[in-house]
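>>> Make a model of this:
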Amino acid sequence: MKRLLYGALALAGLVWTGSADAQLAPTPPTKTITIYNNSVQRTLYPVIQAPIQLGANVHDLWLQAQLGTKEADYLTRPFQTTKLYRIWINHDTGGIPPGGSVTVTVPFYTQLRPWTQANAGKLNDQFVDWWNAMRVYIFDGKDEADAAYNFSQDNPPAGVPVQPVLPPYPVTPLAGAVAPACSTGCTLDLRSYYVGFPYGVLGQLVEYTFASAEGPPNAKTFAIQLGQVNYNISAVDSIYLPAAIGAKGNNSGANTWLGSSLPVATFRAALGDFASKGALWPDFIPAYYLPSNSIIAIPSPNGPPSGISAYPLPQVASANLMYAESFSEPAPAPPTLTSDADPPWVNKAVYGELGSVGQGTLDLWNNCTTAAAPGKTCNQIRSIKSFFVADYKECFGRAPDLTDPNVLHQFLREVYGWAQFPGCSDSLAKVLPDQYPVAIQTFCDLMYNFFSVTNDADVFNPYVKLVHVMLASNAYAFSIDDEQAFKSIPGTGVIITVGGVKGLENKTQSPLPTAQTYTTFCQSGAKR
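Predicted coordinates for the structure are as follows:
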């Protein structure tokens, strides 16, 4: 999730309920996730994923606050996990059909290893935390869902070759522990993985965090507010399905939903018009899966063999992903986007063909930064370039060579992602704290400049316009597009819908950004 709550919260009463030799932790609270399939034709295959929590100074603040960790012990009792834990919903029992729905009850945590006051938080994978920084991936085809389900590899130490693909690991809760549960007629399959999904498997990302916590090192004491629900729809890397999300158990006017309510066919028609199969903007390459290899997608510009279905398209890449993916050398094999494809994968001879609109963003950057072109947009682009060049110099002691196309493309990947350069230990805000507030305001102005420019060639990021105007979605269109794409309100869970608002408790959408309001929405990132 792009932002979690660490604000001033009322200290929850945390009481140890077991003896020193207890094997089970206190019974966790629960919340629910209900998913409605409002599409006419598509069957949904959702999966809920808990993140890996591992590394120096990494600790699960939620479990620490809930299970009574002493403030002095936050580094020695981190509650770390070494795997991705997933809840597959109706994976082998037909998914969620058109017009159907499921409700999953997720406990705060599921215990996997014995717990005592002495070992609490010291054992890796002692608990699966189903509430903190969670992801829901929604696939609308069994082939994609099978590819994601079956892709599993060991994650060896640095320098050790990655092992062949392995079956996903079953998750076995400790006897008596509370596990996720499903509504009548629904099935759950709990599996763990060391690696994420194979790149290019198509699905829509929804994110949630239940409860809000604070504690060291940002606060002196631990506190947790169990009643809160935090959620968003993410289009930071790509956009695929018209998903919407709202809180459950909140009757206030604040419970307006996020995302898009368009029918699937209408939504995909708009994506198709925007990308035009890569002619205008990078699109994911049509692909299919062979029964003999249900993990790796086979790109097929001319369609799959007879009797095999291609997975549904389009899925459109964000500007950030366009620059991150399109200029790799050698081109990825198999490729993911139309812009990173080489023969024999598609009928092209070169990589980096961004489509006319995608290429227009690169041309705009070059026109504004290699000459003193006039105008507000060019002045803003030069300002952002100066900020990132200064950041690069502070990090690495030298300026980037932007005359080298490979360096430029990597540079633009970080610019459009509003991300720090790999290898720099501090954030953009910490490296240049004096320049950061002005830079982030300028960046927001550029991302939303489609509201003010009169020439389409001057639009800095057409993808943001696609998300917020053409698709009428208040999903995250870029990394700090957060105020209008993130909600935190009291609730007993969340409701996710695809293809319409049926099932949401409040049928009113959260406000979309406008020319008058976008600064409020975007510049909230400056508060971090």
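
>>> just the helices in the stretch 51-200 of the chain please.
For the stretch 51-200 of the chain, the helices identified by DSSP state H, counting those that start in this stretch occupy 61-66, 142-150, in order along the chain.

>>> can you give me the mean pLDDT across the last one?
So that's helix 142-150. Here helix 142-150 scores 87 as its mean pLDDT.

>>> quick one: low-confidence ranges for the stretch 151-300 of the chain?
Along the stretch 151-300 of the chain, segments meeting pLDDT under 70 span 157, 292-296, 299-300.

>>> if you set the cut-off to 50 instead, what comes out?
With pLDDT under 50 as the threshold, the stretch 151-300 of the chain has no low-confidence stretch at all.

>>> show me where it has strands.
Taking DSSP state E, counting those that start in this stretch as the test, the strands found in the stretch 151-300 of the chain are 169-170, 181-182, 188-193, 204-214, 223-234, 238-239, 243-248, 258-259, 287-290, 293-299.

>>> out of those strands, which comes closest to Val47?
Val47 sits nearest to strand 188-193 of all these, at 9.0 Å, using CB to CB. To be clear about C-beta, it is placed using only N, CA and C from the backbone, and glycine gets the same treatment.

>>> Just the residues contacting the closest one, thanks.
The contact list for strand 188-193, computed with CB atoms under 8 Å, 6 or more residues apart in numbering, reads 83-89, 91-92, 104, 149, 151-152, 168-171, 179-182.

>>> go again using 6 Å as the cut-off
83-88, 91, 152, 168-169, 171, 180, 182 (CB atoms under 6 Å, 6 or more residues apart in numbering).

>>> Drop anything exposed from these.
Neighbour counting with 16 or more other CB atoms under 10 Å marks Lys83, Leu84, Tyr85, Arg86, Ile87, Trp88, His91, Ser152, Pro168, Val171, Pro180 as buried within these.

>>> hang on, Asn320 in a helix?
Yes: the assignment for Asn320, made by DSSP: H, G, I helix; E, B strand; the rest coil, places it in a helix.

>>> picking that back up, of the strands of the stretch 151-300 of the chain, which stretch is the most buried?
Mean neighbour counts were compared across these using mean count of other CB atoms under 10 Å; the top stretch is strand 238-239, at a mean of 28.

>>> quick one: Phe396 from Trp418, how far?
Relative to Trp418, Phe396 is positioned 19 Å away (CB to CB, to the nearest Å).

>>> whoops, Thr338 was the one
25 Å.

>>> Domain-wise, how is this protein divided?
Recorded structural domains for the chain (assignment: automatic domain parsing) are 30-262, 270-350, 356-470.

>>> Hmm, Pro173 is touching Tyr109, no?
No: Pro173 is not in contact with Tyr109 according to CB atoms under 6 Å; the separation is 10.1 Å.

>>> In terms of secondary structure, what does the longest helix along the chain contact?
In the chain, assigned by DSSP state H, the helix with the most residues is helix 376-396. In terms of contacts (3 or more CB pairs under 6 Å, 6 or more residues apart in numbering; DSSP states H and E), helix 376-396 is packed against helix 355-369, helix 436-447.

>>> The same query, at a cut-off of 8 Å, please.
Counting contacts by 3 or more CB pairs under 8 Å, 6 or more residues apart in numbering; DSSP states H and E, helix 376-396 is packed against helix 355-369, helix 405-417, helix 428-431, helix 436-447.

>>> which one of these lies closest to Val162?
Closest among the helices and strands packed on helix 376-396, once you apply CB to CB, is helix 405-417, at 24.2 Å.
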